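In: quick one, what's the 3D model for this:
(one chain, ligands or ions: 1)
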Amino acid sequence: MDKLYSPATARQIINKYGFHISKSLGQNFLADRNIVENIVRGANIGKEDLVIEVGPGMGVLTAAAAEQARLVIGIEIDENLIPILKDTLKEYANVRIINGDFLKMDLEGLIREAYEGNREGFSDVKLIGNLPYYITSPIIMKVLEEQAEGTQGIRSLTIMMQKEVADRIRAVPGTKAYGALSVAVQYYCTVNMVAVVSKEVFVPKPKVDSAVLHLSMREEPPVELLDSATFFAVVKAGFGQRRKTLLNSLTGINGMDKQQIQTLLDSVGIDPIRRAETLELKEFAVIANYIKTESKEV
Ligand code: SAM
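Out: Below you'll find the predicted structure:
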């Protein structure tokens, strides 16, 4: 797949097919061998793996993944890219391209079908992608929420995104970048930085730098939750008004008034004047579990 590894050749393909790059679909094509190799190495793809790719574009990552995996399924929303992908990936019998919206995909059904169509099965299911930046968080949250309970679900995500979003995902309490996205992703996954990527390696060049993260689904949750919906409601309320104290930002949750929130925070030993951005995952869990227990008793 040497032909896609430079900005000049990526442009040649675009010209050959008279393809119009769509900004609104977040199309910034990767044209650098090192970064492609970094992503594939970071994903740790084995010969027996099933790889699901979000937005294969012109197929640069898809081809590199197909060299390693048993099967690669790419989901691409732009129908104008489908004939290009047929051409650039023609030498790979182990690639399947679906023209559709990743956000609307039935991931469990897709994986089940892949197993049914493959007698040998797969060791692992791994997701990769140079994500369309306008929907980075919805894509990640869809995978985490849908796969958390899946038995043959996606085990890891190795994904490129804006560096600023990667920083938010990795952020620790007490920092400006720490927020609901950090807590949600860190609840489901362990997070590792694979690479920081300059905007120079894309066609067209985006305005900001990017980063590749490897998210590995946890086998066990890092905190015991009585109810994950209550946990995420607390996180959402806390960060919804991040400048407010916990006493104020949590008031109203589950119908609780200020006095009840004061009692709650006193009971669990969390200072009510703290803000959500200072709370560790386990502190959100303690608050959520208390609320869940209280509401059971009512
Ligand atoms: N993987 C290619 C690469 O690295 O060169 C393309 C990456 S580009 C940043 C994002 C790709 O996702 C584009 O091909 C775009 O058309 C596709 N895309 C955008 N929204 C999508 C969606 N909702 N579902 C599936 N693909 C989508």
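In: contacting residues for the closest residue to the ligand within the stretch 51-200 of the chain?
Out: When scored by C-beta to the nearest ligand atom, the stretch 51-200 of the chain has residue 55 as its residue closest to the ligand, at 2.1 Å. For every residue, glycine as well, the C-beta is placed using N, CA and C. Residues near residue 55 by C-beta atoms under 8 Å, 6 or more residues apart in numbering: 26, 74-77, 102, 129-132.
In: just the residues you listed that are near the ligand?
Out: With the criterion set as C-beta under 6 Å from any ligand atom, the members of the contacts of residue 55 near the ligand are 26, 75-77, 102, 130, 132.
In: so where's the stretch 151-298 of the chain uncertain?
Out: Along the stretch 151-298 of the chain, segments meeting pLDDT under 70 span 151-152, 296-298.
In: and the pLDDT at the nearest residue to residue 62 once chain neighbours are set aside?
Out: Nearest residue to residue 62, sequence neighbours excluded (C-beta to C-beta, 6 or more residues apart in numbering): residue 56, at 4.3 Å. pLDDT, residue 56: 98.
In: list the contacts for residue 56?
Out: Per C-beta under 8 Å, 6+ apart, neighbours of residue 56: 62, 74-76, 81, 85, 97.
In: can I get these in CSV including pLDDT and secondary structure?
Out: What follows is those, written out as CSV (pLDDT from 0 to 100; DSSP: H, G, I helix; E, B strand; the rest coil):
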residue, pLDDT, secondary structure
62, 98, helix
74, 98, strand
75, 98, strand
76, 98, strand
81, 98, helix
85, 97, helix
97, 98, strand
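In: rebuild those residues as TSV, extending it with distance to residue 17 and neighbour count.
Out: Below are those laid out as TSV (distance: C-beta to C-beta, whole Å; neighbours: other C-beta atoms under 10 Å):
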residue	distance to residue 17	neighbour count
62	17	28
74	17	27
75	20	22
76	14	25
81	9	25
85	11	21
97	15	19
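In: quick one: which of the residues you listed is nearest residue 195?
Out: residue 62 (18.7 Å; C-beta to C-beta).
In: next up, the contacts around the closest one.
Out: By C-beta under 8 Å, 6+ apart, residue 62 lies in contact with 53, 56, 72, 74, 85, 89, 92, 95, 97.
In: around the ligand, pick out the residues from the stretch 1-150 of the chain.
Out: With C-beta under 6 Å from any ligand atom as the criterion, the stretch 1-150 of the chain meets the ligand at residues 25-30, 54-58, 60-61, 75-78, 81, 101-103, 130, 132, 135.
In: circling back to that earlier point, now rank the ones next to the ligand among the contacts of residue 55 by neighbours and give me the top one.
Out: Counting neighbours by other C-beta atoms under 10 Å, residue 130 leads these with 27 neighbours.
In: can you report phi and psi for that residue?
Out: Backbone torsions for residue 130, taken as degrees, to the nearest 10, come to phi -100, psi 90.
In: surely it is in contact with residue 162?
Out: No. Residue 130 is not in contact with residue 162 according to C-beta atoms under 8 Å; the separation is 11.3 Å.
In: biggest separation within the contacts of residue 62, which pair?
Out: Within the contacts of residue 62, 53 and 92 form the most distant pair, 12.2 Å apart (C-beta to C-beta).
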